[in-house]
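Colleague: Sequence first, predicted model second:
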Amino acid sequence: MVFLNEGHVHGDEGRRLNILVVFKKNFEEVHDEGLMALKAILHNAASDHHQVDYKPREHVRRADFIARDLVIVFGGDGTLTSLSHNIDAATPVMGVNSHPRTDDPEGSYGFYMDSSMATFQEDVQAVFAGKAIVNELPRLQATIETTSGNRFTTDPALNDLLIANTHQYAPSKYHLRRGTQQTHQQSSGLLFSTWFGQGAWLRNAMSHEDFEHLKVEASRNRDPQHYFVYARDLSPEQRRHEWAWMDWTHEETTITSDMHRGYVVPDGWDEVHFNRGATITVNADAPKLMLLTFRTTIEAKLESSFNSV
């Protein structure tokens, strides 16, 4: 099996690994050529020693990820974040950028995709040799309790999680509680973000001044169980208490819905709906994601992106 050893991942010598490759079907020539090259490299690297299955993202099921020793995602960040909802904390994930921006300005930045076809042969050998860098990334989760007493938890969110009214032109109304503090809000939705997800939606949702202020606060305490909270489009009167509209916290956030119909959206993907009176609790206690990189850590890559802005 693939296992951790001094911060790296490798396979037991002589043991057959169970590998899943998931790719996005987008019919671009550069993508198709890259997928063919990836299959050829894996065929030579894995040969008859390992089991390699290929699934398009559009047809992959949650059951396909069970008992895998390695998941390789071929595409961009959107492909990886959506698939990460199906991947547990014990399964290493390798992101391969199918259309990197370094090759084409119209390509993908690929924050989580540390490999590309230019380096894939070297990188996959590093995985088999136990020389890949292991990044354990925190994820958000929301637990919803309905007025009828049903209780369920959303898929883990790698970047961000939105709670809002399903009617985009109607305000999101809810009672907000964190620790001993509470208030009633009317916004266009509550946006939660992990430390590593801040470069996705959060940075674009906030003003530059607010984002920089919140980032400074977060830098003082880099506990992985902390997360960002931002209430979108609040009136100036509702911004009197900073904790209630932008925060970096480890405490659970609980809201009680005052909306006819609302939803929780992890990573802009699957919607989980709730009705008025439902209670939604958000924290960063979801199982972490084991992401492999090869030249630098995700933390260093994030810091580099700050410096380039």
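Modeller: Received, thanks. All of these numbers come straight from a predicted model, not from anything done at the bench.

Colleague: Low-confidence bits of the protein, can you list those?
Modeller: 1-14, 26-27, 47, 306-309 (pLDDT under 70).

Colleague: what are the pairing partners of the longest strand belonging to it, and which direction each?
Modeller: Longest strand in the chain by number of residues (criterion: DSSP state E): strand 279-293. Here strand 279-293 is paired, per DSSP bridges, with strand 92-97 (parallel), strand 133-145 (antiparallel), strand 253-257 (antiparallel).

Colleague: tell me what the following helix or strand past the shortest one is packed against?
Modeller: I take that to be strand 253-257. Sequence order places strand 261-266 as the next helix or strand after strand 253-257, per DSSP states H and E. For strand 261-266, the packing partners by 3 or more C-beta pairs under 8 Å, 6 or more residues apart in numbering; DSSP states H and E come out as strand 133-145, strand 160-165, strand 272-275. Glycine gets a C-beta too; all of them are placed from N, C-alpha and C.

Colleague: among the ones you listed, which is nearest residue 282?
Modeller: Among the helices and strands packed on strand 261-266, strand 133-145 comes nearest to residue 282, with 4.9 Å by C-beta to C-beta.

Colleague: coming back round to it: which stretch among the strands paired with strand 279-293 comes nearest residue 167?
Modeller: Here strand 253-257 is closest among the strands paired with strand 279-293 (C-beta to C-beta), at 13.2 Å.

Colleague: and the closest one, how far out from the chain's middle?
Modeller: 22 Å (C-alpha atoms, centre = their mean, to the nearest Å).

Colleague: For residue 129, what are phi and psi?
Modeller: Here is the backbone geometry of residue 129 (degrees, to the nearest 10): phi -90, psi 0.

Colleague: separation between it and residue 294?
Modeller: Counting by C-beta to C-beta, to the nearest Å, the separation of residue 129 from residue 294 is 11 Å.

Colleague: Of those two, which one has the most company?
Modeller: Under the neighbour definition other C-beta atoms under 10 Å, residue 129 and residue 294 were set side by side, and residue 294 has more, 17 against 12.

Colleague: What about the closest residue to that one other than its chain neighbours? Give its phi and psi, please.
Modeller: Closest residue to residue 294 apart from its sequence neighbours, by C-beta to C-beta, 6 or more residues apart in numbering: residue 123 at 4.8 Å. Residue 123 adopts backbone torsions of phi -70, psi -40, taken as degrees, to the nearest 10.

Colleague: Looks to me like residue 215 is in a helix.
Modeller: Yes: Residue 215: assigned to a helix according to DSSP: H, G, I helix; E, B strand; the rest coil.

Colleague: and the gap between it and residue 206?
Modeller: Relative to residue 206, and taking C-beta to C-beta, residue 215 is found at 10 Å.

Colleague: residues in contact with the residue nearest to residue 294?
Modeller: 94, 96, 114, 115, 132, 294 (C-beta atoms under 8 Å, 6 or more residues apart in numbering).

Colleague: does the first one really touch residue 73, like I thought?
Modeller: It refers to residue 94. Yes: using C-beta atoms under 8 Å, residue 94 makes contact with residue 73 at a distance of 7.1 Å.

Colleague: Residue 98: neighbour count?
Modeller: With other C-beta under 10 Å as criterion, residue 98 counts 27.

Colleague: hang on, the earlier thing: roughly how far does the residue nearest to residue 294 sit from residue 105?
Modeller: In terms of C-beta to C-beta, residue 123 sits 24 Å off from residue 105.

Colleague: So what does residue 236 have for phi and psi?
Modeller: Torsion angles, degrees, to the nearest 10, at residue 236: phi -60, psi -40.

Colleague: quick one: contacts for it?
Modeller: If a contact means C-beta under 8 Å, 6+ apart, then residue 236 has no contacts.

Colleague: Neighbour count: residue 215 and residue 206, which is higher?
Modeller: Neighbours were counted for residue 215 and for residue 206 using other C-beta under 10 Å; residue 206 has more, 21 against 17.

Colleague: check which helix or strand covers the closest residue to the more buried one other than its chain neighbours.
Modeller: The shortest distance from residue 206 to any non-neighbouring residue, by C-beta to C-beta, 6+ apart, is to residue 230 (6.0 Å). Assigned by DSSP H and E, residue 230 falls within strand 227-231.

Colleague: So which residues make contact with the very next helix or strand once past that strand?
Modeller: Using DSSP H and E, the helix or strand that follows strand 227-231 towards the C-terminus is helix 242-245. With C-beta under 8 Å, 6+ apart as the contact definition, helix 242-245 has outside contacts at 176, 178, 181, 183, 185, 187, 230, 231, 234, 238, 239, 249.
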